[in-house]
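Asker: The sequence isn't on hand, but the structure is:
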Ligand SMILES: Cc1cc2nc3c(=O)[nH]c(=O)nc-3n(C[C@H](O)[C@H](O)[C@H](O)COP(=O)(O)O)c2cc1C
């Protein structure tokens with residue numbers, strides 16, 4: 001019984017993007033603690049994290065070559081090229097992004113745009129999508145979280161994936177921008193617990 005669970009978990013892949021330019025900011029702390037929770041329950045899981053700010057990932061040029069050519073891949077071989085396979089093979093795709101102008105950050109959006117260069121013939125019915133986000137607005141409405149969530153929901157739908165988990169935390173206080181997540185013990189604990197709830201064993205690998 002135990003052996004079956006471990007054999008299954010061993011093949012599970014988690015691919016996470018960190019879409020804030022702040023390497024040690026609130027979003028980074030959310031992702032770090034979420035993955036800590038995942039690792040605790042699923043030590044065999046293969047986890048890959050990509051800090052988008054340090055990658056050379058250019059804008060989608062809308063040339064449609066990925067859709068009309070033989071390669072079924074983006075023809076621009078910058079840093080995203082090797083990441084297509086990681087995205088496609090991932091059982092869990094974690095998007096960690098701050099809210100920028102009522103949406104995910106530009107870094108995150110450019111990455112998502114470039115996933116247009118992934119092969120649309122292969123849907124991802126077993127892939128789980130997770131969104132971790134921090135924002136400064138005083139309320140969810142003011143922060144514009146709902147529009148960001150709606151975009152990720154539709155992104156998941158498009159790939160036939162399941163939008164499984166989300167965690168949102170405000171970083172504003174009386175003094176604006178004065179409560180980074182690293183000092184928010186409740187948020188750190190909650191997102192860690194969310195990571196522990198990830199049910200990798202329920203996911204079937206499509207590759
Ligand atoms: C360009 C920019 C746009 C932002 N837009 C929003 C916004 O629309 N709603 C909001 O609540 N916070 C907004 N913020 C605040 C960030 O979401 C917030 O400070 C977040 O916690 C930063 O995360 P980080 O520490 O990981 O960079 C914005 C910040 C920047 C720099």
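Answerer: On my side now, so go ahead. Because the structure is predicted, anything quoted here is derived from the model rather than measured.
Asker: Surely residue 13 and residue 45 touch.
Answerer: Yes: counting by Cβ atoms under 8 Å, residue 13 touches residue 45, with 7.4 Å between them. Where C-beta positions appear, they are placed from N, C-alpha and C, glycine not excepted.
Asker: So residue 42 sits against residue 197, correct?
Answerer: No: Residue 42 is beyond contact range of residue 197, at 11.1 Å (criterion: Cβ under 8 Å).
Asker: what about these two, which has more around it?
Answerer: Using other Cβ atoms under 10 Å, the more surrounded residue of residue 42 and residue 197 is residue 42, with 23 against 11.
Asker: Residue 32 versus that one, what's the distance?
Answerer: Using Cβ to Cβ, to the nearest Å, residue 42 is found at 16 Å from residue 32.
Asker: next one: residue 118
Answerer: Separation of residue 118 from residue 32 (Cβ to Cβ) stands at 27 Å.
Asker: The helix or strand hosting residue 97: partners in the sheet, and parallel or antiparallel?
Answerer: Assigned by DSSP states H and E, residue 97 belongs to strand 92-100. The pairing partners recorded for strand 92-100 under DSSP bridges are strand 13-18 (parallel), strand 103-104 (antiparallel), strand 128-135 (parallel).
Asker: Which of the residues in the next helix or strand after the longest one are classified as buried?
Answerer: Next in sequence after strand 128-135, counting helices and strands by DSSP H and E, comes helix 140-143. Judged by neighbour count using 16 or more other Cβ atoms under 10 Å, the buried positions of helix 140-143 are residue 143.
Asker: What of stretch 186-199?
Answerer: 187, 188, 190, 191, 192, 194, 195, 198.
Asker: Of the residues you listed, which is the nearest to the ligand?
Answerer: Proximity of those to the ligand (Cβ to the nearest ligand atom) peaks at residue 187, which lies at 10.8 Å.
Asker: So which bits of this protein are right by the ligand?
Answerer: 20, 22, 25-28, 98-102, 134-137, 143-144, 171, 177 (Cβ under 6 Å from any ligand atom).
Asker: Excluding chain neighbours, what is closest to residue 180?
Answerer: Distances taken as Cβ to Cβ, 6 or more residues apart in numbering place residue 26 nearest to residue 180, at 5.0 Å, with adjacent residues excluded.
Asker: Could you pull up the contacting residues of that neighbour?
Answerer: 20, 98, 134, 169, 171, 180, 181, 182 (Cβ atoms under 8 Å, 6 or more residues apart in numbering).
Asker: dump the residue contacts of the residue of the chain found nearest the ligand.
Answerer: Nearest residue of the chain to the ligand, counting by Cβ to the nearest ligand atom: residue 25, 2.5 Å away. Applying Cβ under 8 Å, 6+ apart, we find residue 25 in contact with 98, 134, 180, 181.
Asker: got it, and residue 59?
Answerer: Per Cβ under 8 Å, 6+ apart, neighbours of residue 59: 110, 113, 114.
Asker: try residue 33
Answerer: 188, 191, 192, 195.
Asker: Helices - which of these land there?
Answerer: 188, 191, 192, 195 (DSSP state H).
Asker: Just the local confidence number for the last one, please.
Answerer: Taken from the predicted model, the pLDDT recorded for residue 195 is 97.
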